[in-house]
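>>> Generate a structure from the sequence data that follows.
(2 chains)
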Amino acid sequence: MSTIDLETARRVAKLARIAVPEENLPALAGELSDIITFMEQLNEVNVDGVEPMTSVTPMRLKRRQDGVTGGNMQARILSNAPDAREGFFAVPKVVE
Amino acid sequence: MSTLNTLTIAQARDALRKGDVTSTQLTEACLSAIEGAGALNAFVHQTPDLAMARAKAADDRLKAGDAPAMCGIPVGIKDLFCTEGVPSQAASRILQGFKPEYESTVSAQLRDAGAVMLGKLNMDEFAMGSSNETSCYGDVVNPWKVDERQLTPGGSSGGSAAAVAADLCLGATGTDTGGSIRQPAAFTGTVGIKPTYGRCSRWGIVAFASSLDQAGPMTKSVRDAAIMLGAMCGHDPKDSTSADLAVPDFEAALTGDIRGKKIGLPREYRMDGMPAEIEKLWADGADMLRDAGAEIVDISLPHTKYALPAYYVIAPAEASSNLARYDGVRYGHRAKLAAGDGITEMYEKTRAEGFGPEVQRRVMIGTYVLSAGFYDAYYNRARKVRALIKRDFDTVFAQGIDAILTPATPTAAFPLGAMAHADPVEMYLNDVFTVTVNLAGLPGIALPTGLDGKGLPLGLQLIGQPWGEADLLNTAHVLEKAAGYVSKPARWW
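Got it, this is the predicted structure:
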């Protein structure tokens, strides 16, 4: 059985960009460990020579003409932004 | 008439076409039923003005003789579907205030067919849950009740199931990633079909796990499911996985004749500790199909027990990728920032405030199984097991099996809060009979065929061949008639 330690839980939260308070990490690590342990049943299956599935219905993805099909809707695209200014999405300063 | 909201879609369609009733009357009856059903917490954004305007337009079309089957039928739309100008937030705080500028293909097709949207329906947050207890709007309450305890309607399409069971609408849209249409249908005595992957366009539906998600109808009868599904599906150039196949007339396929059909009973679905009531329900269902002229065949789907663990690798992996878009930049919630916070703090605080605990857990599990060093051990292995699960089904279909009969759920509806202290894996076991169908991309339908000892509905599931919804609906129609299920929840709300 696999266990996720505090350091791994902290790293996963960081990768997922979710702030997890330090005091919640032990409980999170425990829950993640339980789920990972459940998944490890998959190790019982012989998967030699099996291709990993990418598409459940065998189909060739359709292609379309490479052309402009829409546009000129800046205001509609920005209409739901928490902070939009001068036609842009605004975020905290990224470069010093 | 105060009981118009209790009509089936088929009854309402026929009455509308005969001129015995108007869409305006039907819509008013549903709106007043919704008004009186606040205790169920099924409708979370009501759109009465829009509904009355659409009802009037539908009445005009009916008068002009231009009326598709869904014209004038009042329906509810799961909150996962983007609806233009109407809040669509996947029951999540992170999409608080989001009003899409566009309409999902499925809800647009219903709208264009003349269906009347009454409002948006509660669900588990981002469709992650089996009890409708992860919603930012609070729990949905099952209209079924046998003692003082409130029961779950199931999830994630719990609002849709409760609304249909309580006659707040004539039908509702649901979505199903691991059982989210079929499990709540079984818990509420309603009918729910998840079509073949690719049958309904996913465009404009908030994505959970893109290789598994499918929309489908939740209705009061199999005939209604056939009618509503016909209006929802079809090819859509905006979804590259939507199938470019003609949509059959599903209702015309309900001939009631299943003589000579081979129905498989998979032995691996006979779980240890399965309640005797479920076992009997399943055997009775098989007898009914046999009496109708079908041949019942014992079959084996050997990788069944690995479906849940494979699902709980693949679905969170896809979710962690899909939910990366919720960053507080383009839509929805953004956390208040402290002095000196940069963009990383903005992402981390926004997502911590916006996502509930189950969604956070699944995003982190998905992140873990996709991270360097674990990708092969978990994600690729799960995708290989998924291929084996699909191969199990391919094998039995190649042997001439037309449909597969299984229980829909391991139990009847359980009390809200009953799983509060359970480990997350225990909740996942609710999907044990339904999740294989998503992994294999097959159509599956749940329908009520009996009551348990306490008087709660129980459902069976039929699984069909890829693109075989018409045949599957016909078999379900036969089972529905033979079971003669007519129970309705006694009104307490």
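
>>> so who does B:G198 touch?
Taking Cβ atoms under 8 Å, 6 or more residues apart in numbering or on different chains, we find B:G198 in contact with A:T57, A:M59, B:T241, B:S242, B:A243, B:G441. Using the backbone N, CA and C atoms, a C-beta is placed for each residue, glycine as well.

>>> And it, its phi and psi?
phi 100, psi -10 (degrees, to the nearest 10).

>>> any idea how far B:G441 is from it?
Per Cβ to Cβ, to the nearest Å, B:G198 is found 7 Å from B:G441.

>>> Check the contact lists of those two and give me the overlap.
Both B:G198 and B:G441 are in contact with A:T57, where contact means Cβ under 8 Å, 6+ apart.

>>> Would you mind pulling up the elements that the longest helix seen in chain A packs against?
Ordering each helix of chain A by length in residues (DSSP state H) puts helix A:25-39 first. Packing partners of helix A:25-39 (3 or more Cβ pairs under 8 Å, 6 or more residues apart in numbering or on different chains; DSSP states H and E): helix A:6-15, helix B:307-322, helix B:357-370, helix B:424-428.

>>> can you redo the ones you listed as TSV with distance to B:I343 and mean neighbour count?
Putting these into TSV (distance: least, Cβ to Cβ, whole Å; neighbours: other Cβ atoms under 10 Å in any protein chain shown) gives the following:
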stretch	distance to B:I343	mean neighbour count
helix A:6-15	14	17
helix B:307-322	19	24
helix B:357-370	19	23
helix B:424-428	31	16
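
>>> Can I get these in a markdown table including mean pLDDT?
Below are those laid out as a markdown table (pLDDT from 0 to 100):
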| stretch | mean pLDDT |
| --- | --- |
| helix A:6-15 | 96 |
| helix B:307-322 | 97 |
| helix B:357-370 | 96 |
| helix B:424-428 | 82 |
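
>>> Among those, which comes closest to B:R182?
B:R182 lies closest, by Cβ to Cβ, to one member of those: helix B:307-322, at 14.1 Å.

>>> do you know how far the residue nearest to B:K220 when sequence neighbours are not counted is from B:Q214?
Leaving out its chain neighbours, the residue that sits closest to B:K220 by Cβ to Cβ, 6 or more residues apart in numbering or on different chains is B:T8, at 5.0 Å. As for B:T8, its distance to B:Q214 is 23 Å (criterion: Cβ to Cβ).

>>> who has more neighbours, those two?
B:Q214 (27 against 17; other Cβ atoms under 10 Å in any protein chain shown).

>>> Contact partners for the more buried one?
Contacts of B:Q214 (Cβ under 8 Å, 6+ apart): B:T175, B:D176, B:T177, B:K194, B:P195, B:T196, B:Y197, B:R199, B:C200, B:R202, B:N438.

>>> Bridged to it, which residues?
Listed beta-bridge partners, B:Q214: B:D176 (assigned using DSSP bridges).

>>> List just the nearest of the contacts of B:Q214 to B:G464.
Looking across these and measuring by Cβ to Cβ, the closest to B:G464 is B:T196, at 8.1 Å.

>>> got the contact list for that closest one?
A:T57, B:Q214, B:A243, B:G441, B:L442, B:P443, B:P466, B:W467, B:G468, B:E469.

>>> Name the nearest residue to the last one, ignoring sequence neighbours.
The spatial neighbour of B:E469 that comes closest, neighbours along the chain excluded (Cβ to Cβ, 6+ apart), is B:P443 at 4.9 Å.

>>> Quick check: the one you found touching B:T475?
No: counting by Cβ atoms under 8 Å, B:P443 sits too far from B:T475 to count as a contact (11.1 Å).

>>> Looking at these two, which one has more neighbours?
B:P443 (27 against 24).

>>> dump the residue contacts of the more buried one.
Counting by Cβ under 8 Å, 6+ apart, B:P443 touches B:193-196, B:199, B:437, B:463-469, B:472.

>>> now do 6 Å
By Cβ atoms under 6 Å, 6 or more residues apart in numbering or on different chains, the residues touching B:P443 are B:P195, B:T196, B:G464, B:E469, B:L472.

>>> near chain B, which residues of chain A?
Chain A has residues A:12, A:15-19, A:34-35, A:38-39, A:41-42, A:45, A:47, A:50, A:52-53, A:56-57, A:61-62, A:76, A:80-82, A:89, A:91-92, A:94 near chain B, with proximity defined as Cβ under 6 Å from any Cβ of the partner chain.

>>> Helices - which of these land there?
Mapping these onto helices (DSSP H) picks out A:V12, A:L15, A:D34, A:I35, A:F38, A:M39, A:R76.

>>> tell me, what residue is most central in the chain?
In the absence of a named chain, chain A is used. Centroid-nearest residue in chain A: A:A16, 6.8 Å away (criterion: Cα atoms, centre = their mean).

>>> should've been chain B
B:I181 (2.1 Å).

>>> and it, how far is that from B:V425?
Taking Cβ to Cβ, one finds B:I181 at 22 Å from B:V425.

>>> now swap in B:V432 and tell me
Counting by Cβ to Cβ, the gap from B:V432 to B:V425 is 11 Å.

>>> before we move on, what about A:M59?
Distance, A:M59 to B:V425, by Cβ to Cβ: 34 Å.

>>> Quick check: which ranges of the chain have low pLDDT?
If you meant another chain, say so; for now it's chain A. Within chain A, the ranges that satisfy pLDDT under 70 run A:1-2, A:96.

>>> wait, I meant chain B there
Residue ranges of chain B with pLDDT under 70: B:1-2.

>>> Nearest residue to the closest residue to chain A within the stretch 1-150 of chain B in space, please, no chain neighbours.
Relative to chain A, the nearest point of the stretch 1-150 of chain B is B:E101 (4.4 Å; Cβ to the nearest Cβ). Nearest residue to B:E101, sequence neighbours excluded (Cβ to Cβ, 6+ apart): A:R76, at 4.4 Å.

>>> The one you found: neighbour count?
For A:R76, the neighbour count with other Cβ under 10 Å is 11.

>>> can you check the one 3 residues further on too?
Other residues near A:S79 number 14, with proximity taken as other Cβ under 10 Å.

>>> Which of the helices or strands spans the nearest residue to it once chain neighbours are set aside?
Distance criterion Cβ to Cβ, 6+ apart; nearest residue to A:S79, sequence neighbours excluded, is B:E101 at 6.2 Å. B:E101 belongs to no helix or strand when elements are defined using DSSP states H and E.

>>> how much space is there between B:E101 and A:I77?
According to Cβ to Cβ, B:E101 and A:I77 sit 8 Å apart.

>>> for B:G332, same thing?
B:G332 is 14 Å from A:I77, by Cβ to Cβ.

>>> do the same with B:M427
From B:M427 to A:I77 the distance is 38 Å (Cβ to Cβ).

>>> circling back to that earlier point, ok, the residue nearest to the centre of chain A touching B:R361?
No: counting by Cβ atoms under 6 Å, A:A16 does not reach B:R361; the two are 10.2 Å apart.

>>> If you rank the contacts of B:Q214 by neighbours, which is first?
Most neighbours among the contacts of B:Q214, by other Cβ under 10 Å: B:K194, with 35 neighbours.

>>> That one - nearest residue in space that isn't next to it in sequence?
Beyond its immediate neighbours in the sequence, the residue positioned closest to B:K194 (Cβ to Cβ, 6+ apart) is B:D176, lying 3.9 Å away.

>>> before we move on, what about B:L95?
Here the nearest residue to B:L95 in space, its sequence neighbours aside, is B:Q89; by Cβ to Cβ, 6+ apart that works out to 3.5 Å.
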